[in-house]
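[1] When you get a sec, could you give me coordinates for this:
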Amino acid sequence: MAFDLTTKTSRQRPTWTEIWHLWTVIVPRRSINGQLVYGKVWRRHDGRDWIYKKFTEYDGEAAA
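    Sure, this is the predicted structure:
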């Protein structure tokens, strides 16, 4: 929950801002071998800005 100092009331953030989304990011530059740079990240909105986290995949068979 956030507190708005101008109105002195509390306001609820939308529910979707608390959910992490898997997002594919393409960076507008090329790597050393000339290919576009891209990858997957976790993304969530905090009501003002986007927050990003590194996405790491794991092999389910290797973890067992």
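
[2] all strands of this protein, in order?
    Along the chain, counting by DSSP state E, strands occupy 2-4, 9-11, 21-30, 36-45, 50-54.

[3] Give me the most central residue, the protein.
    Of all residues in the chain, the one closest to the mean position by CA atoms, centre = their mean is Arg43, 1.1 Å from it.

[4] Let me see the contact set for the residue lying closest to that one once chain neighbours are set aside.
    Using CB to CB, 6 or more residues apart in numbering and skipping the chain neighbours, the partner closest in space to Arg43 is Trp23 (4.2 Å). Every residue, glycine included, has its C-beta placed from N, CA and C. By CB atoms under 8 Å, 6 or more residues apart in numbering, the contact set of Trp23 is 40-43, 52.

[5] re earlier: let me have the strands of the chain in CSV, extended by mean pLDDT and distance to Glu61.
    Below are the strands of the chain laid out as CSV (pLDDT from 0 to 100; distance: least, CB to CB, whole Å):
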stretch, mean pLDDT, distance to Glu61
strand 2-4, 58, 43
strand 9-11, 56, 46
strand 21-30, 88, 21
strand 36-45, 90, 20
strand 50-54, 91, 22
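
[6] okay, the ones you listed, which one's buried deepest?
    Mean neighbours per residue, mean count of other CB atoms under 10 Å, is largest over those for strand 36-45, with a mean of 13.

[7] beta partners for Ile26?
    Tyr38 (DSSP bridges).

[8] before we move on, what about the one 4 residues further on?
    Using DSSP bridges, the beta-bridge partners of Arg30 come out as Leu36.
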